[in-house]
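Trainee: build me a structure from this.
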Amino acid sequence: MGRPGKLTGEPCRIPGAPLWVAVAPKKNADTAAALSAATGDLLKFPEMQSELRILLTGEPAFRSGVGAALGASWTVVEAANVAEAADALLAARPAAVVLDLRPGGDGHAVCRRIKGAAQTRLLPIIGFVASDGEATVAALDAGADHVTHWPPKGAELQARIRAVLRNRAATERLEDATQVIFALANAVEAKDAYTEGHTERVGALADEVGRLAGLDDETREALRQGGVLHDIGKIGIPNEIINKAGRLTDKERIVMNKHPMIGERICEPLKSLRHLLPIIRWHHERLDGTGYPDGIKGSKFPLPPQILQLSDIYDAITTDRPYHRARTRAGAIEFLYGEAKKGWRDAELVGLVARAAESLGLGRTREDDIPPPPAPMGQWRTE
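Mentor: Below you'll find the predicted structure:
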């Protein structure tokens with residue numbers, strides 16, 4: 001992909017900018033090829049920008065004053081209001097934002113919009129206020145990372161810009177590492193020809209259950225991410241065990257049961273993923289303490305891993321696998337209620353899974369739509 005033409009130091013609007021995405025590997029590829037495909041496509045970055053762009057948002061006098069204080073050190077992109085700022089964020093991909101947070105402008109709305117979107121929430125914001133006290137508190141509550149007083153002092157503003165850019169560079173390195181972890185998760189899914197789309201469906205179902213349960217947006221985002229990463233530890237499990245038709249032997253079960261701990265170890269070094277570790281480690285626990293790997297029970301089993309677990313089981317038993325025939329939506333919910341009666345699952349959460357699966361249209365509703373079982377019915381597995 002190309003890049004926009006070379007920019008000058010004059011205020012400007014950028015008409016377009018290249019984007020990159022991680023491409024999931026093809027199914028049925030061996031692990032090495034899948035991992036190579038996932039990480040290879042992921043790490044194809046566009047050509048690096050020669051200038052760092054700073055987005056200035058506010059009325060003309062504000063933009064002129066800040067532009068003069070910045071000098072010619074950075075390329076400046078200007079926006080007068082929320083709509084123009086949104087366009088500039090997409091087109092110019094600025095490295096930092098300087099906002100006018102004084103009364104009478106759109107600065108607070110722009111700030112909240114930037115910090116409320118997943119794609120831009122880590123973008124550093126420097127906000128200008130007219131005075132201390134309530135104005136500073138309001139600016140910080142809106143999401144500003146740095147707050148300073150108007151008018152700008154050239155040396156101080158340039159130092160603040162350099163500081164936020166250093167922090168952003170460190171953050172982007174962490175983001176790159178996080179993306180590699182998600183590429184690994186795609187590679188895991190590629191190991192199993194029967195699980196195409198599994199992690200996406202699990203994340204969507206868990207998110208909807210979380211919504212019905214009244215969970216906050218941050219927890220629901222963790223459930224969506226947990227849907228992708230919960231089985232990443234299977235990268236360390238042999239293919240012949242993952243794809244085995246029928247029950248696992250005791251030795252194979254010991255190996256398979258290690259995948260939550262392997263997944264935790266893969267994600268633990270990244271601070272940005274640490275909030276997902278309970279979901280990854282405990283998605284095979286049971287309320288009565290008979291699950292693995294830790295045998296936690298009752299109130300010690302947090303709600304997010306319970307929701308992810310039920311979503312994972314639901315998808316596993318409503319899709320075709322080499323070791324069992326898929327169940328209908330009603331059959332899967334009956335199965336989960338049966339496990340609740342054993343003390344393994346929470347019956348109220350099972351009810352929410354039923355509602356969420358229906359609203360999302362997950363699972364087939366007619367037995368006639370399900371192909372014959374590839375393995376005897378007594379050999380069903382739910383991982």
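Trainee: any weak-confidence spans in the protein?
Mentor: 1-50, 170-178, 180, 187-196, 322-323, 371-383 (pLDDT under 70).
Trainee: which parts of it belong to which domain?
Mentor: 31-170, 190-379 (automatic domain parsing).
Trainee: which residues touch the spatially most central residue of the chain?
Mentor: Among the residues of the chain, the one closest to the centroid is Gln225, at 4.4 Å (Cα atoms, centre = their mean). The contact partners of Gln225, taken as Cβ atoms under 8 Å, 6 or more residues apart in numbering, are 203, 273, 276. For the C-beta atoms, the positions are set from N, CA and C on the backbone; glycine is no exception.
Trainee: a helix runs through it, doesn't it?
Mentor: Yes. Under DSSP: H, G, I helix; E, B strand; the rest coil, Gln225 falls within a helix.
Trainee: among the contacts of Gln225, who's most crowded?
Mentor: Within these, Leu276 tops the neighbour count with 27 neighbours, counted by other Cβ atoms under 10 Å.
Trainee: tally of neighbours for the closest residue to it other than its chain neighbours?
Mentor: Leaving aside its sequence neighbours, Leu276 sits nearest to Gly226 (Cβ to Cβ, 6 or more residues apart in numbering; 5.3 Å). The number of residues packed near Gly226 is 29, by other Cβ under 10 Å.
Trainee: try Arg274
Mentor: Arg274 has 12 nearby residues by other Cβ under 10 Å.
Trainee: for Gly227, see how far away it is.
Mentor: 17 Å (Cβ to Cβ, to the nearest Å).
Trainee: can you give me the strands for this protein?
Mentor: 53-57, 75-79, 96-100, 125-129, 146-149 (DSSP state E).
Trainee: format the contacts of Gln225 as TSV; extra columns: distance to Thr318.
Mentor: Converted to TSV, the contacts of Gln225 look like this (distance: Cβ to Cβ, whole Å):
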residue	distance to Thr318
Gly203	15
Leu273	28
Leu276	24
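Trainee: among the residues you listed, which one lies nearest to Leu56?
Mentor: Nearest to Leu56 among these: Leu273, at 33.7 Å, using Cβ to Cβ.
Trainee: I'd say Thr57 and Val76 touch.
Mentor: No. Here Thr57 does not reach Val76: they are 11.2 Å apart, not a contact under Cβ atoms under 8 Å.
Trainee: please identify which of the two sits among more neighbours.
Mentor: Each of Thr57 and Val76 has its neighbours counted (other Cβ under 10 Å); Thr57 has more, 31 against 25.
Trainee: any idea how far that one lies from Gly298?
Mentor: 51 Å.
Trainee: the contacts of Gln225 in helices, which ones?
Mentor: Gly203 (DSSP state H).
Trainee: just the closest of the contacts of Gln225 to Asp217, please.
Mentor: Nearest to Asp217 among the contacts of Gln225, with distances taken as Cβ to Cβ, is Gly203, at 14.4 Å.
Trainee: so what's the closest one closest to, chain neighbours aside?
Mentor: Gly227 (2.4 Å).
Trainee: verify the contact between the one you found and Gly197 for me.
Mentor: No. Using Cβ under 8 Å, Gly227 makes no contact with Gly197, being 11.0 Å away.
Trainee: which of the two has more residues huddled nearby?
Mentor: Gly227 (26 against 13).
Trainee: report the contact partners of that one.
Mentor: 199-207, 308, 311-312 are the contacts of Gly227 under Cβ under 8 Å, 6+ apart.
Trainee: make it 6 Å
Mentor: Residues near Gly227 by Cβ atoms under 6 Å, 6 or more residues apart in numbering: 199, 202-203, 206.
Trainee: what's the answer for Arg224, then?
Mentor: With Cβ under 6 Å, 6+ apart, Arg224 has these contacts: 203, 207.
Trainee: 10 Å - rerun?
Mentor: 199-200, 202-204, 206-207, 210, 308 (Cβ atoms under 10 Å, 6 or more residues apart in numbering).
Trainee: what touches both of Thr57 and Val76?
Mentor: 63, 66, 98.
Trainee: would you reformat the domains of the chain as JSON lines and include distance to Leu184?
Mentor: Converted to JSON lines, the domains of the chain look like this (distance: least, Cβ to Cβ, whole Å):
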{"stretch": "domain 31-170", "distance to Leu184": "7"}
{"stretch": "domain 190-379", "distance to Leu184": "6"}
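Trainee: so which of those domains comes closest to Ala183?
Mentor: It's domain 31-170; of the domains of the chain, that one is closest to Ala183 (Cβ to Cβ) at 3.9 Å.
Trainee: and the closest one, how far out from the chain middle?
Mentor: In terms of Cα atoms, centre = their mean, to the nearest Å, the centre of domain 31-170 is set 22 Å apart from its chain centre.
Trainee: how close does Glu358 sit to Asp141?
Mentor: 39 Å.
Trainee: do Trp282 as well
Mentor: Distance from Trp282 to Asp141, by Cβ to Cβ: 34 Å.
Trainee: do Gly104 as well
Mentor: On the measure of Cβ to Cβ, Gly104 and Asp141 end up 18 Å apart.
Trainee: if we can go back for a sec, mutual contacts of Gly227 and Gly197, please.
Mentor: Contacts common to Gly227 and Gly197, judged by Cβ under 10 Å, 6+ apart, are 204, 315.
Trainee: circling back to that earlier point, Trp282 and Asp141: who's more crowded?
Mentor: Trp282 (24 against 11).
Trainee: hmm, the more buried one is touching Lys300, no?
Mentor: Yes. Shown here, Trp282 and Lys300 form a contact pair, counting by Cβ atoms under 10 Å, at 9.5 Å.
Trainee: mutual contacts of these two, please.
Mentor: Shared contacts of Trp282 and Lys300, counting by Cβ under 10 Å, 6+ apart, come down to Asp294.
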